[in-house]
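Asks: A structural model of the following input is requested.
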Amino acid sequence: MTGRSVVEHLDKQGIHPLVFDTRTEPATFERPSDIEVIWQVEEWPREVLAKTKQVIVSPGLPLHHPLVRQAQAAGISIISDIDLFMSRVDAPVIGVTGTNGKSTVVLLVGHLLQASGLRCSVGGNLGVPALALLDSPADVYVLELSSFQLAHSAHLALASAGVLNITDDHRDWHGDLDSYRRAKERIYVKAEYSVGGRDCARSVSVRVDMSASGANRWGVASLNEAQWLICDGTPLIAVSDLPLAGRHNVENCLWAMALVEPWIQPRRAAQLLGGFQGLPHRFERLSGPTDIHCINDSKATNVGATMAALAGFALDNRLILIAGGDSKNADLAPLGAAMRGRVRLLITLGKDAAALNEVASISGVEHQQVATMDEAVDSAFAHACAGDTVLLSPACASLDMYPNFIARGEHFRELILNVTKARKVEVSP
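Replies: Presented below is the predicted three-dimensional model:
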């Protein structure tokens, strides 16, 4: 999607780029008009390298990829689609990154801005590629930015920026956690308003934290035996009135309100939260059997996301967790403490199921390995009792078994629906 948006953007300016792709040509590929695409490229043709002035790199190619390194060695200008977008945009841009929660926060930010009466376009690493957003004028643009995009981009002159969190992920792309962290934190370097940045050199910097300590302008505090979101000590909205469930979504709402503060006062932002609809596959409550809670958190493709989901459950061993897939070489050990006391049964599947089983064994959590999602759901309901929760929160990517996390979540949702229908038939008179 990103590559096609770049080609279409350049084509409108009368520029006809040469396109390299490291993959085999897909059977369904629709070639853009007048554009030459060379497939299965492993290295630069010498004659092309000699006459190339600029390279726009897909976020799919890591910095250490031979094509990128050859271009660097030849002294060619290398930019990203985000650099191209920032050079063309004439309105403020809000940038959001983080290991987990960024899609929800970006859409919350977009909702708040639109509800306040501003024209707002949302995209980037989420949904519409950044360059395609330029087709519709906006008062404010909101971009979800991945670590891949940030690593390839120059320091971006963002009007507001935030790194929501950084947990172990994408070692296969960045090489190590420190490189991943550095890529994320590049978002702050030229930001005018920084949310979460500790040592930002530019303009305003504010802190968001789930505590209500004086060092953090935004947080959560107890008031009349209820939890409230606050800013500068002022209660804004009760946690029970938020449009999203889960402790991690309380923090997501705080981030969204803090990021839009240059445009919307905190009290007004809290009032506007109400109409927001949550994203599918992100701690999505499903309509399951009447006595068992079911949650689809397929977007939890790393350890930090699953730990955030688990943190919202009581230590009562009423949780049956389905997890597994491709861990992307992440350290799974922290899941042990998060599961202990909460998870009565861990059901594992996929490439790194055995590694999850080991973590469970060390932590004294009962576990069972299965081959398919169908088996996982069958086993979950065979063990579930009234009042239990069946949670799909894989802590791993889906690509070893599914095209993407969406397909995994939709399969889980379909299986839950089938179980619900079957149980209704069983109890019918």
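
Asks: low-confidence ranges in this structure?
Replies: Residue ranges of the chain with pLDDT under 70: 197-216, 425-429.

Asks: what's the domain layout of it?
Replies: 2-78, 84-275, 284-423 (automatic domain parsing).

Asks: for my notes, please list these in a markdown table and give mean neighbour count for each entry.
Replies: For every residue, glycine as well, the C-beta is placed using N, CA and C. Formatted as a markdown table, those follow (neighbours: other CB atoms under 10 Å):
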| stretch | mean neighbour count |
| --- | --- |
| domain 2-78 | 14 |
| domain 84-275 | 20 |
| domain 284-423 | 20 |
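
Asks: give me phi/psi at Pro92?
Replies: With angles defined as degrees, to the nearest 10, Pro92 sits at phi -60, psi 150.

Asks: who does Cys120 form a beta bridge with?
Replies: When bridges are called by DSSP bridges, Cys120 pairs up with Val140.

Asks: residue contacts, it?
Replies: Gly110, Leu113, Gln114, Ala138, Asp139, Val140, Tyr141, Val142 (CB atoms under 8 Å, 6 or more residues apart in numbering).

Asks: any idea whether the fourth one is helix, strand or coil?
Replies: Taken by DSSP: H, G, I helix; E, B strand; the rest coil, the conformation at Ala138 corresponds to coil.

Asks: distance check, the closest residue in space to it that isn't next to it in sequence against Pro59.
Replies: Leaving aside its chain neighbours, Ala138 sits nearest to Ser121 (4.1 Å; criterion: CB to CB, 6 or more residues apart in numbering). Note on Ser121: its distance to Pro59, by CB to CB, to the nearest Å, is 19 Å.

Asks: and for Glu225?
Replies: 47 Å.

Asks: Leu349 now?
Replies: 29 Å.

Asks: sketch out the helices for the stretch 251-400 of the chain, chain order is fine.
Replies: 266-272, 303-311, 335-339, 353-362, 373-383 (DSSP state H, counting those that start in this stretch).

Asks: ok, Gly350 - contacts?
Replies: Gly324, Gly325, Asp326, Pro394, Cys396, Asp400, Met401.

Asks: one more pass at 10 Å, please.
Replies: Gly350 sits next to 323-327, 356, 369-373, 376, 394, 396-402, 408 when contact means CB atoms under 10 Å, 6 or more residues apart in numbering.

Asks: using TSV, please lay out the contacts of Cys120 together with distance to Leu259.
Replies: Shown next, in TSV, are those (distance: CB to CB, whole Å):
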residue	distance to Leu259
Gly110	11
Leu113	10
Gln114	14
Ala138	16
Asp139	15
Val140	11
Tyr141	13
Val142	9
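
Asks: out of those, which comes closest to Ile237?
Replies: The closest of these to Ile237 turns out to be Leu113 (CB to CB; 17.6 Å).

Asks: now that closest one: which helix or strand?
Replies: helix 102-115 (DSSP states H and E).

Asks: and that helix, how far out from the chain middle?
Replies: Between the centre of helix 102-115 and the centre of its chain there are 13 Å (CA atoms, centre = their mean, to the nearest Å).

Asks: then stretch 68-83?
Replies: Put simply, stretch 68-83 sits 26 Å off its chain's centre (CA atoms, centre = their mean).
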